[in-house]
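K.L.:
Here is my input; please provide its structure:
(2 chains)
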Amino acid sequence: MLINKYSKLNDIILERYNCMPVILRFGIQFGFGDKTVAEVCKQYDIDADFFTEIINIFIDKDYFPQTHLQEFSVKTIIDFLIKSHQDYRKNKIPHIEKLIDSLEWDSSETKKNKALIKNFFLQYKTEVIEHMDYEETIVYPYSIKMEKILNNEQTLSIKELRKYAINIYADTHDDIEEKLLDLKNILIKYLPPSSNLETEQMVLFEIFRLEKDLNNHSRIEEKVLIPKIKLIETELKQMI
Amino acid sequence: MNNTRFLILEKSYIIRQGIKTILKDIANVKIIEDTNYNLPLDSIIENTNPSIIIFNCKLLKEQASLYKTLKSFEDKIKLVVIKGTNKKLHKNHIFDLSIDIDSSKAEIFKNINLLINEINPLSNEEQTSELSDREIEVLKNVAKGKINKEIADILFISTHTVITHRKNISKKLGIKSVAGLTIYAIINKIIIEDELDEIQ
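P.N.:
The predicted structure is shown next:
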C-alpha cells in the first residue's frame, strides 16, 4: 500500500519496515509519537511531498512517478542522493564488512574462504566509493550550478557549459550492482557453508538490502536527475 | 529459463488484471494482453506468437468465428479456457486445460505449471550449471588474469569463441565479474592459489 502525507509515520513503519532505513536517512529520529508524515517533515524541515514519493518508490517497485519527481528542485534531489551516499559509506558498507569479518568456517578453510570473500568485497567497496566520489565532486556540483544559473543565482558562462555535460555522466553511469549479484551467488551456491550460518544469512540479507537500495538510487539518478539536467542544459543553451 | 508467452483474450479489465496477477505469481511468464479487438485473431496470434492462449469461454458464444480460428492453431498453441463452474464443455472440445472460475490459487498453480512443463520440458543443458572441459580451460585462464586475445592464442581458438565461452560460463555460474570467476575457480580447485601468487 502506498503512503501519503497524512499517513502516520508509525503506521508506515509497522506495515513496511523495509522503508525504515530511508526514513532515517532523511535525518528523522524515532520517538515521533502519532505524528503524520506532514507533521514530522515540518519538524525536520523536509519537503513532505518529496519524502512521500521517495518512500513510495522504495515501497513499490512498480511505482515511479517520473514527471512528479522531476518537478522537485535539483537541490532537493541531490540532498537526498548525498544523504544516501553518506549512509552507504558510514553504515551500510562497513556493516557488511564487519559481518564478513566475523564469518567462520570449520577446519583450515576459514582463512582462505574469508580472505576470498573479504578481498572481493573490498574490491567492490573501492569501486562504489570511486563511483560516489565522482558523483559528489563532479556530477552533483555541476547539476546544482546549472540550476543556480537557470534561477539567475549565478551568472552563465559559456565556458562552463562547454566544459562538462550531463551526457558524459549518463554515458558512463555504470552498473555498480553487478558484483553484489556475483557475491550472492558465490555465498549461496559455491562457498562451503560457514560454521555460523546465522551470520552468513545476515551478510546475505544486508547484500540484498544494499542492492535494492542502490537500484532505487540509480533509478533516481537516471530517470530523474539526468533528464532534468538535460532539460536545463537545453534551456541554457538557448539563452546564449 | 525462457518465459512462457501467454496471450490473454478477455474484454473485462477487472478479469484481465486478475488473470495477469495470478499468472505473474505462479510462473515465469510474458503476458501479452490484447485489447484491440478490431484485428482478426489469427493476425494477433501471428504477431504476438504466444505459446498459451487463455480466454473466457463466453467469447466463444459471442464470436462464432473464434472457435474455428482457435482450432486452426490447436496443434501449435495450448488453449486454456476459463469457464463457469456449472458450465459443461463439449465432449470433443479442443482445449488443453479448462479452469473453473471458482478454482483456488493452488489448483490453478498446479494445472498451469503442468501445462508450462509440457511446453518447456527442462532440457538437461538448462538444468545443469556444470562447465564443459573447454569452458573450464577458458575459466582457468580468465582467473589467471589473461585477456580474451591471450586466451584465444593459448587454446588455439578465435577471440569470438572465447567471448562465447565466457558468456556461457557467466550464464551457467551466475557470476559475471573476473574477480568473482576467480573465486569460483579457486573454490573448485580449477586454479591453485599458488598459480595466482606467481602471476601477482
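
K.L.:
Please count neighbours and contacts with C-alpha atoms only from this point.
P.N.:
Noted.

K.L.:
Domains in the chain, by residue range?
P.N.:
As the question left the chain open, I've gone with chain A. A:9-63, A:72-239 (automatic domain parsing).

K.L.:
Chain B, not that one
P.N.:
According to automatic domain parsing, chain B comprises the domains B:4-124, B:129-199.

K.L.:
now the shortest one, how far from the chain's geometric center?
P.N.:
If I follow you right, that is domain B:129-199. Mean-position distance between domain B:129-199 and its chain equals 27 Å (C-alpha atoms, centre = their mean, to the nearest Å).

K.L.:
re earlier: tell me which of the domains of chain B sits most buried.
P.N.:
domain B:129-199 (a mean of 17; mean count of other C-alpha atoms under 10 Å in any protein chain shown).

K.L.:
what mean pLDDT does it have?
P.N.:
For domain B:129-199, mean pLDDT rounds to 90.

K.L.:
Check stretch A:144-161 too.
P.N.:
The model assigns stretch A:144-161 a mean pLDDT of 85.

K.L.:
Tell me which residues of it come out buried.
P.N.:
A:Ile144, A:Lys145, A:Met146, A:Glu147, A:Lys148, A:Leu150, A:Leu156 (16 or more other C-alpha atoms under 10 Å in any protein chain shown).

K.L.:
give me every residue that touches the fourth one.
P.N.:
In this case it means A:Glu147. A:Val74, A:Ile232 (C-alpha atoms under 8 Å, 6 or more residues apart in numbering or on different chains).

K.L.:
And the first one, by the same measure?
P.N.:
Contact analysis of A:Ile144 by C-alpha under 8 Å, 6+ apart lists A:Val74, A:Lys75.

K.L.:
10 Å instead?
P.N.:
A:Ser73, A:Val74, A:Lys75, A:Thr76, A:Ile77, A:Ile78, A:Leu150, A:Ile229 (C-alpha atoms under 10 Å, 6 or more residues apart in numbering or on different chains).

K.L.:
Residue numbers of chain A in contact with chain B?
P.N.:
Applying C-alpha under 10 Å from any C-alpha of the partner chain, we find that chain A lies next to chain B at A:109, A:112-113, A:116-117, A:119-121, A:123-124, A:178-186, A:189-192.

K.L.:
Which members of those residues are classed as buried?
P.N.:
Buried, going by 16+ other C-alpha under 10 Å: A:113, A:116-117, A:120-121, A:124, A:179-186, A:191, out of the residues of chain A next to chain B.

K.L.:
and which of those residues is nearest B:Gly18?
P.N.:
Ranked by distance to B:Gly18 (C-alpha to C-alpha), those are led by A:Leu181 at 32.2 Å.

K.L.:
Which residue, other than its chain neighbours, is closest to that closest one?
P.N.:
Nearest residue to A:Leu181, sequence neighbours excluded (C-alpha to C-alpha, 6 or more residues apart in numbering or on different chains): B:Ile175, at 7.4 Å.

K.L.:
Reduced to three states, what does the one you found come out as?
P.N.:
Put simply, B:Ile175 is coil when judged by DSSP: H, G, I helix; E, B strand; the rest coil.

K.L.:
Backbone dihedrals for it, both of them.
P.N.:
Dihedral angles of B:Ile175 (phi, psi; degrees, to the nearest 10) stand at phi -130, psi 130.

K.L.:
ok, which stretches of chain A are helices?
P.N.:
In chain A, the helices defined using DSSP state H lie at A:9-15, A:20-25, A:37-44, A:48-59, A:66-70, A:74-87, A:93-101, A:109-134, A:140-150, A:158-163, A:166-172, A:178-185, A:197-220, A:226-239.

K.L.:
from the buried residues of stretch A:144-161, which two are the most distant?
P.N.:
Across these (C-alpha to C-alpha), the longest gap, 13.0 Å, separates A:Ile144 and A:Leu156.

K.L.:
Which neighbours do those two have in common?
P.N.:
By C-alpha under 10 Å, 6+ apart, the residues touching both A:Ile144 and A:Leu156 are A:Leu150.

K.L.:
in chain B, what residue is nearest chain A?
P.N.:
Of all residues in chain B, B:Ile175 sits closest to chain A, at 4.7 Å by C-alpha to the nearest C-alpha.

K.L.:
Let me see the contact set for the residue nearest to A:Leu181.
P.N.:
Counting by C-alpha under 10 Å, 6+ apart, B:Ile175 has contacts A:178-186, B:167, B:169, B:181-184.

K.L.:
Need the nearest residue in space to the closest residue to chain B within chain A, chain neighbours excluded.
P.N.:
With C-alpha to the nearest C-alpha, the shortest gap between chain A and chain B falls at A:Asp182, namely 4.7 Å. Nearest residue to A:Asp182, sequence neighbours excluded (C-alpha to C-alpha, 6+ apart): B:Ile175, at 4.7 Å.
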